[in-house]
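>>> let's see this in three dimensions:
(chains A and B)
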Amino acid sequence: MPMMKTLLAATALVAVMAGAAQAKTLVYCSEGSPEGFDPAPYTAGTTFDASSRPIYNRLVQFTKGASTTEPGLAESYEVSEDGLEYTFKLRQGVKFHTTEWFTPTRDFNADDVIFSFERQWKSDHPWYAYSAGITWEYFNSMSMGDLLASIEKVDDYTVKFVLNRPEAPFIANLAMDFASIVSAEYAAQLEAAGTMDLLNSQPVGTGPFQFVNYQQDAVIRYASFDDYWGGVQPIDDLVFAITTDGAVRAQRLQAGECHVMPYPNPADVDMLKADPNLQVMEQEGLNIGFLAYNTQQAPFDNPMVRKALNMAIDKPAIIEAVFGGAAEVAVNPIPPTMWSYNTAIQDDPYDPEAAKAMLAEAGVENLSMKVWAMPVARPYNPDARRMAELIQADFAEVGVTVEIVSMEWAEYLAQSSQVDRDGAVLLGWTGDNGDPDNFLAVLLGCDAVGNANRAQWCNEDFEALIQEAKTISDQAERTALYEQAQVIFKEQAPWATIAHSLVYMPMSTKVTGYVMDPKGTHAFDGVDIAE
Amino acid sequence: MIRFILNRLVLIVPTFIGITIIAFAFVRVLPGDPVLLIAGERGVTAERYQQLMTQFGYDRPLYEQYFSYLFGLFQGDFGTSISTKRPVIRDFLTLFPATVELAVFATLFAVLVGVPAGILAAVKRGSWFDQLTMGTALVGYSMPIFWLGLLLIILFSGVLGWTPVSGRISLTYFFPAVTGFMTIDALLSGQRGAFQSALHHLILPAITLGTIPLAVIARQTRSAMLEVLGDDYVRTARAKGLPPRAVIGQHALRNALIPVVTTIGLQVGVMMAGAILTETIYSWPGIGKWMIDAISRRDYPVVQAGLLLIAMIVMAVNLIIDVLYGLINPRIRHQ
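All right, here's what the predicted structure looks like:
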């Protein structure tokens, strides 16, 4: 193309070469600013991409591209017979980052593990409120405080977690970002200097990249950590160029200003796919978009009515119109990328005639109902308003009148969770830890009625299965239980499962080794860029 | 003159108090609870909700919250962001120079192009130049900033490759932020090509942000000039035999500039608002983008402080304009 562009590129190249000798830099156009660099107080994926993924490690880690876990800072662990004690053998010889503001005098050991968790747990811990307004969001919402009885240091490289009750998803929780391991030595240094806030803005970890600099809302710079226990990275420098608008991100990618970008606008995907210098990866997200009936409100307390309404929905049409084709019809409440997904279950067929007949049989006539539509775009539903309109038309075909209701997002979340909510609500969920419990118990468990369980559904048999599965550590046994639970779910139909959205990841063809993560985080360890 | 300035300054105090009340009330009137927004689809138990509300101080009666807020303000404490947990004033001071830099260049663009265009359009009234200029001004004024910005990027960065897409400077440059103004810091760093890169990155954002003010200034200049050119003293000057350039430059322009200067001052306020959209498109890390993010997160302290600080700046700019106005027009200051 234009000479100017070549001139620009040449000038930039000269500038780079004038500096370092051919340093390999990967530029990622991220979609937003991180809230901070200590991952534990926050919940946003954008923050985790910038903090826990590059800078830190966890005791166990998610296998790349999957929702199962593998050893991280802990080489191995044992679970006691009663499922209450988890003893971790820590990896030896793991180094923390040496930076301008900190030089470690020792390797990673049990003290760091204990510090990382106790600071979020004990309200009398000096670091519990180390900065004004710090709250440990995930630690609390995963109920770690209730679950943990104690964390004990057995020796420098062995730590024992004692639980109050058996909970198999505990291991998956330890792979989550809030469970990242921070340096107790660095924390002690900051505490002595009276500058504890710096833990959040000048971070130190054991991860593949170390933090160099953050220009607020603009650029984050990392350098490859030479002593990383997982092996030195193929690239030398990692740069996050914060670009909040999706269309502009696409332009930057095409212009070569960045090498990788997340969340393209659906309208841009075809254009990016057609570009010979780019490759567009895709994967089903670990998410589900659904329509939750209020199973405590007549006539939706009758499973036959719910099944009939499910059969009235034309899902492929919704996928086309709302997702632009970038989604898959959802059959089960968990996505196909999740282990224990029951492939034997059949979806409710789209059959308006049969639906009408079923409604008549259930004694329902001239039904009029509300459908709640979200005002914001979410990963599992980019346009709930549109989806509600399609459902309204579908239901009209079977003689059901729908009134679409919407309100401001925070209000929506608050009101839709009420037990006496009038109507069915469109909502969804993205998995936190790759464990089926994180979907089935959080969204459909009896405890969650009046909160995250928007179908207000409490089914004895289903509940028994998921509670039992929580207590067993053997994955094969848990799989069998979850598969059965999915059968009950399909029969009872507290939701109409609509779609699992596809996630696209456009990048330059020069980038190799990038693996998409179903949970939607973006990690650059192991990624290389060809010159 | 001194009394004139003092008069203006005294008015600032009640204005300031009024703005604090508005800023405080505005965020709380918005539907949407910050705690629930942090929790998201996950939801939060009743007791955790209460815990968080107490922690943020939102369970106290409104008047108590207001006075605690006001008291903090006088000590320079503008509050702590709910999402980043950092003092609001620190974020503001880090990001503010970027917005100022953008606004300065946008104003330069708007004034340096708009005023001469308006003058020429007035002098050549009715000509093709006049029609063209005013037509272009109307189009510029009517175009949504967001759309204009994207169009410029697609044309000049995407198709032609003449300008970079977004950001303040090429990513290959990395130097400490001394003043926060990328152009100045680039010069101070001494790195080859840094200053040019900073200017290069300013072109499209300045044009995008400055287009509406440019249109307004051009039209205003033209109508002010036309009015003045029809006045008796201008006819006298011409009759005296003065060359056209002297008539326009020395006699007409100075009087015509009075309303134009006021317009420029008002446009600064408009630019603060327009900066929000421009900053979002060009990934320009300024306070506009910061405010938008804070509003959608119901980050009360940031929105309050942001509203207050921006209002103070607009007040300050208008005070300066009033003083300038007094300087240009002796009749005002001797009132």
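>>> tell me who's in contact with B:Ala224.
Each residue near B:Ala224 by CB atoms under 8 Å, 6 or more residues apart in numbering or on different chains is listed here: B:Gly118, B:Ala256, B:Leu257, B:Ile258, B:Pro259, B:Val260. For every residue, glycine as well, the C-beta is placed using N, CA and C.
>>> interface residues of the stretch 201-350 of chain A facing chain B?
Contact residues (CB under 8 Å from any CB of the partner chain) of the stretch 201-350 of chain A with chain B: A:201, A:213, A:215-219, A:221, A:239, A:241-245, A:247-248, A:251-252, A:254-255, A:257.
>>> how about low-confidence regions in the chain?
With no chain named, the answer covers chain A. Low-confidence segments of chain A, defined by pLDDT under 70: A:1-21.
>>> the intended chain is chain B.
Applying pLDDT under 70 to chain B flags residues B:1, B:32, B:37-40, B:332-335.
>>> host element of A:Ala360?
Using DSSP states H and E, A:Ala360 sits within helix A:352-361.
>>> next SSE after that helix?
Counting by DSSP H and E, what follows helix A:352-361 is strand A:368-372.
>>> touching chain B at all, the next helix or strand after that next one?
For strand A:368-372, the following helix or strand on the C-terminal side (DSSP H and E) is helix A:384-397. No - residues of helix A:384-397 contacting chain B under CB under 8 Å from any CB: none, with a closest distance of 12.7 Å.
>>> what's the helix or strand just after helix A:384-397 packed up against?
Going down the chain from helix A:384-397, the next helix or strand is strand A:401-405, by DSSP H and E. Identification of packing neighbours for strand A:401-405 by 3 or more CB pairs under 8 Å, 6 or more residues apart in numbering or on different chains; DSSP states H and E yields strand A:368-372, helix A:384-397.
>>> quick one, strand A:401-405 and strand A:368-372 angle?
Angle of strand A:401-405 versus strand A:368-372, following axes from the mean of the first three to the mean of the last three CA atoms, to 10 degrees, is 30 degrees.
>>> is chain B within reach of the next helix or strand after strand A:401-405?
Downstream of strand A:401-405, the first helix or strand assigned by DSSP H and E is helix A:409-416. Yes - contact between helix A:409-416 and chain B, assessed by CB under 8 Å from any CB, occurs at A:Trp409, A:Ala410, A:Glu411, A:Leu413, A:Ala414.
>>> would you show me how to pick out the buried ones of the residues you listed in PyMOL?
Selection of buried members from the residues of helix A:409-416 next to chain B for PyMOL, criterion 16 or more other CB atoms under 10 Å in any protein chain shown:
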select buried, chain A and resi 409+410+413+414
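>>> what's the most distant pair in the residues of helix A:409-416 next to chain B?
Largest separation among the residues of helix A:409-416 next to chain B by CB to CB: A:Trp409 and A:Ala414, giving 9.7 Å.
>>> ok, now which ones touch A:Val212?
Going by CB under 8 Å, 6+ apart, A:Val212 touches A:Arg221, A:Tyr222, A:Ala223.
>>> ok, now with 10 Å
Contacts here follow CB atoms under 10 Å, 6 or more residues apart in numbering or on different chains; on that basis A:Val212 touches A:Thr99, A:Glu100, A:Ile220, A:Arg221, A:Tyr222, A:Ala223, A:Asp237, A:Leu238, A:Val239, B:Phe174.
>>> and those, which is closest to B:Ile2?
Nearest to B:Ile2 among the contacts of A:Val212 is B:Phe174, at 47.9 Å by CB to CB.
>>> what's around the nearest residue to the closest one once chain neighbours are set aside, how many residues?
Excluding its sequence neighbours, the residue lying closest to B:Phe174 (CB to CB, 6 or more residues apart in numbering or on different chains) is A:Arg221, at 6.6 Å. Counted by other CB atoms under 10 Å in any protein chain shown, the residues lying close to A:Arg221 total 17.
>>> burial measure for B:Val261, as a count.
B:Val261 has 17 nearby residues by other CB under 10 Å.
>>> which strand or helix spans the nearest residue to A:Gly32 once chain neighbours are set aside?
In space, and not counting its chain neighbours, A:Gly32 is closest to A:Thr46: 4.2 Å by CB to CB, 6+ apart. Assigned by DSSP H and E, A:Thr46 falls within helix A:45-50.
>>> mind giving me the packing neighbours of whichever helix or strand comes after that helix?
Counting by DSSP H and E, the next helix or strand C-terminal to helix A:45-50 is helix A:52-55. Here helix A:52-55 touches helix A:45-50, strand A:209-215, strand A:219-224, going by 3 or more CB pairs under 10 Å, 6 or more residues apart in numbering or on different chains; DSSP states H and E.
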